[in-house]
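[1] Sequence and computational prediction follow.
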Amino acid sequence: MLNYYTYIMAGIQKPRVLISEQNIKKNIKDLAHKITHDYQDKNPLILGVLKGSFIFMADLIRELDFDLQIEFIRLSSYGSLMESPGVVNCDEDISDLVNGRHVLIIEDIIDTGTTLSFLIEQFQAKNPLSVRLCALASKPSRRLIKVEIDYLAFEIPDKFIVGYGLDHDEKYRNLPYIGVIDPKD
Ligand code: PRP
């Protein structure tokens, strides 16, 4: 049977808008306000997790008017296409980055919590001054491991989202909004 998902996969239809550009902008401004309040004069290390966070990170940091350092890390994960991975590897040596710094991790989405609980654990072993997490989106209903999100732009339902940095099979990262593609739709 041809459904909405089939049309999207065939490129006939675009993903349905879940969160508009305007809404994203507004919530990023609110987050930036809180982050500015908490990190002014701390010269934090703002650490983006590639690839999904790159657009969120770029928009967020342009709202932060204080000294900061930017780095990116790449995590490789293993798992099926539309399910979260169970195993995570960090490709970089993060020790020198994190030691003695206030670290703010920027992620696109927290799903099962596997990736970020791994990452935060790794960082905390490297003597940072603090480690906090800022995420664009969270799916609390999917959580398997508890992760504290200090700054969150959107809580979302258990739907497969794309756009604004997020992909499906490397497609849709360039959509300016957060859209939904879901086989159940
Ligand atoms: C996504 C996302 C998180 C992780 C979240 O990464 O960027 O890192 O999955 O899932 P979890 O909470 O279940 O661990 P992905 O592997 O899709 O890589 P990408 O950012 O390069 O698209």
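    That came through fine. Residues are numbered from 1 along each chain as shown.
[2] got a pLDDT number for the most centrally placed residue in the chain?
    For the chain, the residue lying nearest the average C-alpha position, counting by C-alpha atoms, centre = their mean, turns out to be Asp108 (1.4 Å). If you check Asp108, the pLDDT there is 97.
[3] Close to the ligand: what parts of the chain are there?
    With C-beta under 6 Å from any ligand atom as the criterion, the chain comes near the ligand at residues 49-52, 77, 84-85, 107-115, 167. Every C-beta, even on glycine, is put in place using the N, C-alpha and C of the backbone.
[4] and if we set it to 8 Å?
    Counting by C-beta under 8 Å from any ligand atom, the residues of the chain lying close to the ligand are 49-53, 74-75, 77, 79, 84-85, 88, 107-118, 142-145, 147, 165-167, 170, 173.
[5] are any of these buried, and which?
    Neighbour counting by 16 or more other C-beta atoms under 10 Å classes 49, 51-53, 75, 84-85, 88, 107-118, 142, 147, 165-166, 173 among the residues of the chain next to the ligand as buried.
[6] Among those residues, which lie within helices?
    Secondary structure assignment by DSSP state H places 114-118 of these in helices.
[7] Rebuild these as TSV, extending it with distance to Asp65 and pLDDT.
    Written out in TSV, the entries for those read as follows (distance: C-beta to C-beta, whole Å; pLDDT from 0 to 100):
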residue	distance to Asp65	pLDDT
Thr114	34	90
Thr115	30	89
Leu116	27	92
Ser117	31	91
Phe118	32	85
